[in-house]
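K.L.:
sequence and predicted model, in that order:
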Amino acid sequence: MTIDPGRAGDRVVASARGIAKEYRMPGGTVHALRGVTLDVERAVYLSVVGPSGCGKSTLLHLLGGVDLPSTGTVTLLGHDTAGLSDAALARLRLHHVGFVFQRFFLLQMLTAEENVGLPMLEAGVPTPERRARARALLDRVGLSARLDHRPGQLSGGEMQRVAIARALANRPALVLADEPTGELDEATGREIGRLLRSLTQDDIAVVVATHNPDLAADTDRQIRMKDGTVA
Amino acid sequence: MGSRTARQPWARPAAVCVAFVALLLGTGTLRGHAAGPASPAPGTDPPVALTDRSAKILGVVPGDRVELSATAAGPWRTFRVAAVYQPAVYPTEISRTRVDVRLHLADLEALEGGGDAVDSVVVRVRPPARPADVVTRLNALALGFRAYTSADLAERGSTTFEVIARFHRAISVVTILASSVFLLAIMTLRGEEMRRQVGVMRLMGISRRTVAAVVVLVAAAIALAGSLVGVGLGYGLSALINAYYRRLFDTPLVFSAVTTPVLLAAVGLSVVLGVAAGALTAWRLLRRRPLEQVGR
Amino acid sequence: MAALWFLAVRGLRRHPVRTALVVLGLCVTGALLLDMTMLSGGLVTSLGQVLSRLGFAVRVVPKGTLPFSGDAEIPDGDRLAAAIATRPGVTAVVPVVATNVYVRRGPETFASFALGVPGGGTGAYALLAGRDLPPSAAGGTPDDEAAPAVVNPVMARLDGARIGDTLVVSAAARPALASVTSPVRVRVVGIADFYFDLATQRSIALPTADLWRVEGSAPGPASLILVRVAAPARIDALVAWIDARDPRVDALSIRRFLDRAGARLTYFNQFALILSSLSLMVSFLLITAIVTLSLGERVGEIAMLRALGMTRSRIGALVLLEGLLLAAASLPGAIGLGLAMSGNLDAILRSAPGVPENLHFFALTPGAVERTAVLLLATGALGGVYPAALAARLGIAATLHAEVLS
């Protein structure tokens, strides 16, 4: 799938227009999102704040092309996600979107360097370039001494920093972080917040979903959500 | 019914005499016309009896004529098919497709032209005489023959089947080994799945013994369930094997039998292996501290 | 593809004990598969190897039989042999008479298989010591002379028959009576391997005319006619000519011989098929179970890979590859173990009565190894299909959500 370079150069990286998401459950239908509209621009550090179950994660999943809206339109780098095949969406995510998860989701059998290099391996980046970039990214997040360590040998904060480095592997336009400090202590959480903020210097749009008010306070813009809508 | 002639080279009387032995043993049933007298009147053909399979091979029915000779070069004598019978089934003869003919001893001797001679004599012993004693006395006569009890002969004739049985036992050892490794691999994986649960249980205060018992019971239950499914499959496969080979060899013999001892051995061994796999898994699980198991 | 190989290999190395157990289990089932592949057709292959070594391209037997499988004879065997000898391409024709005799050495008498051959150097047996038989004289050896004879090593070992010994050979018809008809004195001139002897079988070869004397039968019939042909291209034509000339016989090329022998070994072929199928099924179940269960442990990782940009088909291929790699890793062990097991199993089967010493039930051929490898790898791939489908169908968002909650 070829990304239109003109589209890729737009300031708006991702946008949602009247999106809603419903899940049909045995006990009834759950409205995770109702009529949300927003734009995400490059070099902007945006937070989505709200209590647990308000639809923060669902919004991030839709913006990142991990899931599709029940109604409304999500545009990612100019492409309507609903109009793309599953494979095309996957390629879009691989090259242009980075994810940071609450549970880190590092592969336990790979070293820190190998975890960071994983998206580049999948993208077919040659080995020398892949290793050099992985090391540079780990250096950027302050883990150049932990290249050969496996996740089991890292602290929670260190694992999350590896996950952030991994999210930057293919030079994405958008980084989505879902509760990145959820499993970390306060001090480590602040560190992670500062690291995410620094990504905007590379013209990357960063969206973080959090119920941590301190983390949200450090962002450029806050979107408050409640019961699936923007409050 | 027209008479048909079939011609087969009978090079050696020895093979034919087996039929004589069988006749003496009184096995099989006669079908069709009864056999005629031992020395038929001049002008009439002496009678022979054929097994049903032999009759099918030769394409004859009672009343037809066949020609027999002791050698390929003749002379040939005509015999009348007096009966077609169903012989007793001997496992050793299962795949043989030869033609078996029974005729009166006098006719066979006349055919062979060798005078009064047989290859074997079967003796029925009247109680309280014991066959083993009779055999001993006969062998002591040293007339150039050997006597055997039926049990001795059966044992000698069963050697092939003993070999087959040993072969099957060797194969079953291999399959048991594969199953054991299979079970161990599954239980190792299950053990890792249960790691956190076990850690939580121990943190709650549940004793190591109880935890171990749970793990062993789970493994034994899996093994028992598997063995029951296996027994069912075994019955089904056994029935299929018997049906197939009976049809293939045209025989009522039993080729595969799931007996109670076999059943008990299979289920028992499965449970033992399951318990052993469970014990090993429990040991590996309980080696770690509870906090380690819940990932702290 | 590099990413998939990398992840699949690392994934299997993540749990070394588990992977080792699975590979061990597959080694055992793979070994059984190899053995069954060797068994089906093993005896025929072994027989073919022995037959090819003997150098006779065609064997003429009484119709519907195999050599020495019964008492039937070829009437006028000598005349048929002479006619065959005139055919183009035929370099040697050896009519052979086979029967059972009694041999007396001193006070001991024992039964023996006997071959009547036109003379030495026919190739019906391989001389191990001493000298071979001279050409058979018409009418046989004069009564006042001992006929030459070659015995097998079993007779030498069990009965102490030595080169130079004199034996008395008589027909098997009347052993009960001390007097025998047409006994012939023979002198052992050589010891030979008779190729298809059983482990405890005694064998003796005499000039054909002398064996006819023992039998008290008229010369002429043969039990078997062995034919050497110069050019393999002429074999089929010769076989067709012999069949047409005499409908009482079958002319068997080695291929036809093996087909006929193979038809009598139905039991082993079918047994091998049943066990091969079972071992493949067990391998399939093992791989499917292990890969599926291990998938359950890492659904979060799978969802993460999907979120990072791996497509469904790549995820499916990754899981499938794990199954294939498990099977591939077991191959060397399966082949080694299979070879070791086949030796033991072969020894068990060869202890059955009536099995010649030179024949084996399990024959290792490149084809057997190839078939085993292909089947095992295919089973490994197939075993990964179900878990691959499961992995490919995982919903990313739902799985990530569930992982967080758990």
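P.N.:
Right, received. Where do you want to start? Bear in mind the structure is a predicted one, so any value in this text is a computation, not a measurement. Numbers count the residues shown, from 1 in each chain, chains lettered A, B, ... in the order given.

K.L.:
how much space separates the spatially most central residue of chain B from residue C:195?
P.N.:
Nearest to the mean C-alpha position of chain B, by C-alpha atoms, centre = their mean, lies residue B:255 at 5.0 Å. Noted for residue B:255: a distance of 33 Å to residue C:195, by C-beta to C-beta, to the nearest Å. Every residue, glycine included, has its C-beta placed from N, CA and C.

K.L.:
go on, residue A:10?
P.N.:
Distance, residue A:10 to residue C:195, using C-beta to C-beta: 88 Å.

K.L.:
who's more crowded, those two?
P.N.:
Applying other C-beta atoms under 10 Å in any protein chain shown to residue A:10 and residue C:195 shows that residue C:195 carries more neighbours, namely 19 against 15.

K.L.:
show me the strands in chain B, by range?
P.N.:
For chain B, the strands defined by DSSP state E cover B:5-7, B:47-51, B:65-68, B:77-85, B:101-103.

K.L.:
any residue of the last one touching chain C?
P.N.:
No: using C-beta under 8 Å from any C-beta of the partner chain, strand B:101-103 stays clear of chain C, coming no nearer than 13.8 Å.

K.L.:
which strands or helices does that strand pack on?
P.N.:
Here strand B:101-103 touches helix B:13-25, strand B:47-51, strand B:65-68, going by 3 or more C-beta pairs under 8 Å, 6 or more residues apart in numbering or on different chains; DSSP states H and E.

K.L.:
from the chain's centre, how far out does the last one sit?
P.N.:
Taking C-alpha atoms, centre = their mean, to the nearest Å, one finds the center of strand B:65-68 at 34 Å from the center of the full chain.

K.L.:
and stretch C:272-286, by the same measure?
P.N.:
On C-alpha atoms, centre = their mean, the centre of stretch C:272-286 falls 22 Å from the chain's centre.

K.L.:
for that stretch, which positions count as buried?
P.N.:
C:272, C:275-276, C:278-280, C:282-284, C:286 (16 or more other C-beta atoms under 10 Å in any protein chain shown).

K.L.:
quick one: pLDDT of residue B:1?
P.N.:
Model confidence at residue B:1, given as pLDDT, is 21.

K.L.:
next one: residue B:28
P.N.:
On the pLDDT scale, residue B:28 gets 31.

K.L.:
still on that earlier bit, what is the nearest of the buried residues of stretch C:272-286 to chain A?
P.N.:
For the buried residues of stretch C:272-286, the closest approach to chain A (C-beta to the nearest C-beta) belongs to residue C:286, at 21.8 Å.

K.L.:
residue ranges with poor pLDDT in the stretch 1-150 of chain C?
P.N.:
Applying pLDDT under 70 to the stretch 1-150 of chain C picks out no residues at all.

K.L.:
what ranges do the helices span in it?
P.N.:
C:2-14, C:16-39, C:42-54, C:77-85 (DSSP state H, counting those that start in this stretch).

K.L.:
which other helices and strands does the first one contact?
P.N.:
With contacts defined as 3+ C-beta pairs under 8 Å, 6+ apart, the secondary structure elements packing on helix C:2-14 are helix A:112-122, helix C:312-350.

K.L.:
run through who's touching it.
P.N.:
With contacts defined as C-beta atoms under 8 Å, 6 or more residues apart in numbering or on different chains, helix C:2-14 is touched by A:107-110, A:118, A:121-122, C:19, C:294, C:314, C:317-318, C:321-322, C:325-326, C:329.

K.L.:
within reach of chain B, which of those are there?
P.N.:
Checking these against chain B by C-beta under 8 Å from any C-beta, the ones in range are residue C:294.

K.L.:
near chain B, which residues of the stretch 301-406 of chain C?
P.N.:
So the stretch 301-406 of chain C meets chain B at C:341, C:344-345, C:348-349, C:351-354 (C-beta under 8 Å from any C-beta).

K.L.:
so residue A:15 touches residue A:39, yeah?
P.N.:
Yes: using C-beta atoms under 8 Å, residue A:15 is in contact with residue A:39, at 4.6 Å.

K.L.:
the two: which has the busier surroundings?
P.N.:
Between residue A:15 and residue A:39, residue A:15 has the larger neighbour count (other C-beta under 10 Å), namely 18 against 15.

K.L.:
surely that one is within a strand?
P.N.:
Yes: the assignment for residue A:15 is a strand, going by DSSP: H, G, I helix; E, B strand; the rest coil.

K.L.:
which residues does it bridge with?
P.N.:
When assigned by DSSP bridges, residue A:15 has beta-bridge partners residue A:39, residue A:75.

K.L.:
and it, how far is that from chain C?
P.N.:
19 Å (C-beta to the nearest C-beta, to the nearest Å).
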